[in-house]
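In: Turn this into a structure:
(one chain, ligands or ions: 1)
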Amino acid sequence: MPVASLPAPPPVKAPGTATHCPYCALQCGMSVAATEEAGVRDVVIAPRAEIPAGAGGLCQKGWTAGELLTNGSRLTTPLIEGRPATWAEALDHVAARLRRISAEHGPDAVAVFGGGGLTNEKAYLLGKFARMALRTSQIDYNGRFCMSSAAAASIRAFGMDRGMPFPVTDLAGADTVLVAGGNVAETMPPFVRHLARMRERGGRLIVTDPRLTPTAKAADLHLQLAPGTDLALALGLLHIAVAEGYVDEDYVAARTTGFDAVAISVSAWWPERVERVTGVPVALLREAARLLGTAKRAMVLTGRGAEQHAKGTDTVSAFINLALALGLPGTEGSGYACVTGQGNGQGGREHGQKADQLPGYRKIDDPAARAHVASVWGMDPGDLPGPGRSAYELLDALGTPGGPRALLLFGSNPVVSAPGAGRIAERLAGLDLLVVADVVLSETAAKAHVVLPVTQWAEESGTTTNLEGRVLLRRRAVAPPSGVRSDLAVLSGLAERLGHPEGFPAEPRAVFDELRRASAGGPADYAGITYERIAAETGVFWPCPAEDHPGTPRPFLDRFAHPDGRARFIPVNHRPADEEADEEYPIHLTTGRVLAHYQSGAQTRRIASLVRAVPEAYVELHPDLAERLGLADGDRVRVTSRRGGAEVPARITGAIRSDTVFMPFHWAGRASANLLTNPALDPVSRMPEFKVCAVRVEKA
Ligand code: SF4
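Out: Purely as a prediction, here's the structure:
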């Protein structure tokens with residue numbers, strides 16, 4: 001879409017085009033100004049104070065994001081089997097191969113994989129392309145690896161998943177905030193400003209994490225639990241809340257169902273037992289429960305540390321049970337929230353790139369949902385495919401008998417980011433056709449038969465939905481390099497070649513207007529959201545069913561989204577990690593992010609200042625463990641699990657438990673943490689167990 005046809009941004013102090021950061025779900029506001037002097041292009045970034053979530057701040061990644069636009073490693077020509085091709089050649093080739101594979105093996109032989117960083121428009125059109133142009137059920141996305149456990153738990157408790165069902169600025173007014181398994185000080189630093197405001201007012205911060213992260217260091221109380229025991233910890237906190245009389249009985253009676261069964265189920269989780277399982281002293285458990293139970297306004301937040309487990313959905317349910325017992329969700333100034341991670345992690349899970357989902361957060365097996373979406377797409381509901389495989393199951397089936405033989409991949413780098421990454425690389429190698437649309441030659445793109453160079457972030461317009469459910473407008477701020485096309489244009493070009501000259505527009509606004517119609521009446525209803533409103537109101541919260549509707553910052557104040565308006569307590573029980581430490585693999589490995597890098601590192605490992613800040617992967621281990629293993633700081637060590645081995649330097653620090661090592665997951669090759677991680681899946685969300693597995697550590 002030409003820049004001129006977008007609504008004018010609100011006035012900003014910094015020069016440049018008002019848009020948002022390309023990285024995480026905070027979606028900090030930034031202005032982007034491009035200059036060109038003597039043929040040298042430069043991009044200047046400045047924060048936008050009027051966007052509340054970012055609180056006028058940017059982190060190191062945001063400040064340096066302009067380098068993504070001038071980086072020399074940019075792809076600008078389509079590649080077929082490594083040789084440059086024209087766009088017409090590449091799209092003709094892909095369409096012909098897809099047609100042949102589908103004709104020979106059936107439509108499910110073609111799979112599509114998306115990403116939580118894609119704009120709403122891209123996520124929507126990708127889902128439509130898979131179901132309508134390819135007629136395949138085989139579509140899922142990397143957001144399955146991020147927020148899916150919290151999403152599943154929110155749906156079963158509240159009837160709807162709007163990760164953070166209140167503005168992030170509400171945090172400042174809380175008296176106690178519990179962050180379970182989140183390291184916001186490194187993953188989204190401006191978020192800490194809201195917590196700092198809370199603490200300036202005398203509020204208290206509790207953090208659960210196996211590591212003394214920068215977030216845990218800033219907390220009043222750090223519960224340094226063993227990896228994989230978050231569920232036991234949540235059960236123990238609720239046990240204490242019940243025993244100490246912190247339960248809000250009026251709220252429980254008026255707004256929930258199922259409390260009695262949950263109260264009975266946590267009775268077996270007395271504090272001493274929880275201490276034995278988690279390693280967190282009883283006194284700290286009691287203090288955490290007291291801070292939450294006596295606060296006038298309290299919030300319980302979960303991050304990937306609690307969620308990325310084979311029992312992640314039950315773990316989040318346990319934290320939601322705790323929040324419900326204390327009367328927090330749907331109460332102004334209090335609540336439960338998932339701290340979504342990826343840039344469009346919220347919107348990306350709403351509009352149809354998930355295996356079981358249609359736009360508007362509709363379920364694909366719901367006949368009414370199928371009828372509505374099919375009517376918007378102009379097709380027979382009976383022709384819409386049903387649910388497909390979840391992300392890991394899809395990747396693991398590639399090239400196997402009965403599995404997909406072709407994969408179209410947008411906005412994802414699973415060779416680095418999928419659990420058991422070595423096995424996924426083998427699966428990709430077994431495909432008849434791998435097509436990757438990307439900005440740079442990522443590790444996955446390097447394995448593709450066809451690579452399609454696409455526009456990025458500030459070179460295109462579109463909407464994202466930030467972690468608090470606020471729909472935002474990213475504006476095109478700079479011209480893309482010649483030779484690249486947008487993901488929407490790629491889908492449009494392929495759809496045309498597959499017999500759909502209509503229905504796949506390349507202009508973001510046209511796609512968004514169709515998304516509004518497709519989402520109308522669904523849980524994530526965007527019908528009343530327009531580009532003009534987003535610009536005028538600095539974002540609009542969904543659900544927003546009509547243009548004269550104000551949007552819904554706090555959707556649960558009056559009722560929850562279940563038909564009876566009540567939230568559900570869900571009885572859950574603790575169970576060990578899928579893979580516990582044993583004689584052969586005696587140490588827990590947990591993984592996570594560092595401030596300077598983002599996800600698979602495909603972008604941030606190409607930015608000089610971020611590489612200088614953290615140039616390589618490492619393994620963090622406690623001095624006691626290092627001594628036992630005969631390791632010194634900086635030694636190269638081999639970390640081995642049942643799935644593979646990595647070699648990285650040792651970092652010795654007292655900030656981690658002595659039974660656990662930590663590796664950041666942003667690197668590839670022999671430094672890849674995901675060569676080690678365990679793809680055991682949560683039975684509800686199909687989330688892999690990224691956050692705990694058993695390893696051996698030795699000098700390389
Ligand atoms: S990475 Fe996240 S926290 Fe950092 S500037 Fe971007 S949106 Fe803000």
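
In: which element is the residue in the chain that the ligand sits nearest to on?
Out: Distance from the ligand to each residue of the chain (C-beta to the nearest ligand atom) is smallest for residue 62, at 2.4 Å. The way it works is simple: take the backbone N, C-alpha and C, and place the C-beta from them, glycine included. Following DSSP states H and E, one finds residue 62 within helix 60-63.

In: For that helix, name the packing helices and strands.
Out: For helix 60-63, the packing partners by 3 or more C-beta pairs under 8 Å, 6 or more residues apart in numbering; DSSP states H and E come out as strand 40-47, helix 608-613.

In: ok now the next helix or strand after it, how far from the chain's centre?
Out: Using DSSP H and E, the helix or strand that follows helix 60-63 in sequence is helix 67-70. Distance of helix 67-70 from the chain centroid (C-alpha atoms, centre = their mean, to the nearest Å) equals 23 Å.

In: Tell me the buried residues in helix 67-70?
Out: Using 16 or more other C-beta atoms under 10 Å as the test for burial, helix 67-70 gives 67-69.

In: returning to that earlier point: outside of the helix holding residue 62, which residues touch it?
Out: By C-beta atoms under 8 Å, 6 or more residues apart in numbering, the residues outside helix 60-63 that reach it are 21, 23-24, 28, 30, 45, 47, 189, 595-598, 604, 609-610, 613.

In: and the two most separated of those?
Out: Using C-beta to C-beta, the contacts of helix 60-63 span at most 20.3 Å, a distance reached by 47 and 597.

In: Number of residues surrounding the closest residue to residue 374 other than its chain neighbours?
Out: Closest residue to residue 374 apart from its sequence neighbours, by C-beta to C-beta, 6 or more residues apart in numbering: residue 381 at 4.0 Å. The number of residues packed near residue 381 is 15, by other C-beta atoms under 10 Å.

In: likewise the one 3 residues further on?
Out: Applying other C-beta under 10 Å, we find 19 other residues in the vicinity of residue 384.

In: Contact partners for it?
Out: Here residue 384 is in contact with 131-132, 358, 364, 370, 373-374 (C-beta under 8 Å, 6+ apart).

In: Same check on residue 376?
Out: By C-beta under 8 Å, 6+ apart, the contact list for residue 376 reads 514, 517-518.

In: got it, and residue 365?
Out: By C-beta under 8 Å, 6+ apart, the contact list for residue 365 reads 356, 386-387.

In: Relative to residue 173, how far out is it?
Out: 40 Å (C-beta to C-beta, to the nearest Å).

In: Most neighbours among the contacts of residue 376, which one?
Out: Highest count within the contacts of residue 376 by other C-beta under 10 Å belongs to residue 518, 26 neighbours.

In: how about that residue, secondary structure?
Out: helix (DSSP: H, G, I helix; E, B strand; the rest coil).

In: what's the pLDDT at the closest residue to it other than its chain neighbours?
Out: Spatially, and ignoring its direct neighbours in sequence, residue 518 is nearest to residue 359 (4.0 Å; C-beta to C-beta, 6+ apart). Reported pLDDT at residue 359 in the predicted model: 98.

In: count of neighbours near residue 359?
Out: 29.

In: if I've got this straight, residue 264 is in a strand?
Out: No - remark: residue 264 does not belong to a strand; assigned using three-state DSSP, it is helix.

In: Next up, the contacts around residue 349.
Out: Here residue 349 is in contact with 116, 143, 147-148, 151, 161, 357, 361 (C-beta under 8 Å, 6+ apart).

In: For residue 178, what are phi and psi?
Out: Geometry field for residue 178 lists phi and psi as phi -100, psi 120, criterion degrees, to the nearest 10.

In: three-state assignment of the nearest residue in space to it that is not next to it in sequence?
Out: Leaving aside its sequence neighbours, residue 178 sits nearest to residue 206 (C-beta to C-beta, 6+ apart; 4.5 Å). With three-state DSSP as the basis, residue 206 sits in strand.

In: Does residue 206 touch residue 290 like I think?
Out: No - using C-beta atoms under 8 Å, residue 206 is not in contact with residue 290, being 10.5 Å away.

In: Counting neighbours around each, name which of these two comes out higher.
Out: Neighbour count, other C-beta under 10 Å: between residue 206 and residue 290, residue 206 has more, with 24 against 15.

In: Show me the beta-bridge partners of that one.
Out: residue 178, residue 221 (DSSP bridges).

In: that older thread, looking at the contacts of residue 365, which is nearest residue 691?
Out: Closest to residue 691, out of all of these and judged by C-beta to C-beta, is residue 356, at 23.4 Å.

In: what's the closest non-adjacent residue to the closest one?
Out: In space, residue 356 is closest to residue 387, 4.4 Å off (C-beta to C-beta, 6+ apart).

In: So that neighbour: helix, strand or coil?
Out: Here residue 387 is recorded as coil under three-state DSSP.

In: re the thing from before, compare the helices and strands packed on helix 60-63 and give me the one nearest residue 493.
Out: Nearest of the helices and strands packed on helix 60-63 (C-beta to C-beta): strand 40-47, 27.3 Å.

In: does that closest one come close to the ligand?
Out: No - using C-beta under 6 Å from any ligand atom, we find that strand 40-47 stays clear of the ligand, coming within 8.0 Å at best.

In: before we move on, back to that, neighbour count: residue 47 and residue 597, which is higher?
Out: Neighbour totals were compared for residue 47 and residue 597, and residue 597 leads with 25 against 22 (other C-beta under 10 Å).

In: how would you label that one: helix, strand or coil?
Out: Under three-state DSSP, the three-state class of residue 597 is coil.

In: repeat for residue 236
Out: For residue 236, the secondary structure call by three-state DSSP comes out as helix.

In: which residues of the stretch 151-300 of the chain fall in helices?
Out: With DSSP state H, counting those that start in this stretch as the criterion, the stretch 151-300 of the chain has helices at 184-187, 191-200, 214-217, 230-243, 249-255, 259-266, 271-278, 282-294.

In: make that the stretch 1-150 of the chain, sorry
Out: Ranges of helices within the stretch 1-150 of the chain are 60-63, 67-70, 87-105, 120-128, 148-158, based on DSSP H, counting those that start in this stretch.

In: export those helices to JSON lines and tack on mean pLDDT?
Out: Below are the helices of the stretch 1-150 of the chain laid out as JSON lines (pLDDT from 0 to 100):
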{"stretch": "helix 60-63", "mean pLDDT": "96"}
{"stretch": "helix 67-70", "mean pLDDT": "90"}
{"stretch": "helix 87-105", "mean pLDDT": "98"}
{"stretch": "helix 120-128", "mean pLDDT": "98"}
{"stretch": "helix 148-158", "mean pLDDT": "97"}
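
In: and the helices of the stretch 151-300 of the chain, which is most packed in?
Out: A comparison of the helices of the stretch 151-300 of the chain by mean neighbour count, using mean count of other C-beta atoms under 10 Å, puts helix 230-243 on top with a mean of 26.

In: could I get that one in CSV with only the CA atoms?
Out: The C-alpha trace of helix 230-243 is given here as CSV (Å, rounded to 0.1, in the frame of the first residue of the first chain):
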residue,chain,number,x,y,z
ASP,A,230,6.2,-24.4,38.6
LEU,A,231,2.9,-26.4,38.8
ALA,A,232,3.8,-27.7,42.3
LEU,A,233,4.6,-24.2,43.4
ALA,A,234,1.3,-22.8,42.2
LEU,A,235,-0.6,-25.6,44.0
GLY,A,236,1.3,-24.9,47.2
LEU,A,237,0.5,-21.2,47.0
LEU,A,238,-3.2,-21.9,46.6
HIS,A,239,-2.9,-24.4,49.5
ILE,A,240,-1.6,-21.7,51.8
ALA,A,241,-4.1,-19.2,50.5
VAL,A,242,-6.9,-21.6,51.5
ALA,A,243,-5.4,-22.4,54.8
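
In: How many neighbouring residues does residue 85 have?
Out: 18.

In: I'd like to check which residues are in contact with it.
Out: Contacts of residue 85 (C-beta under 8 Å, 6+ apart): 77-79, 93.

In: at 7 Å instead, please
Out: By C-beta atoms under 7 Å, 6 or more residues apart in numbering, the contact set of residue 85 is 78-79.

In: Please apply the same query to residue 682.
Out: 149, 309-313.
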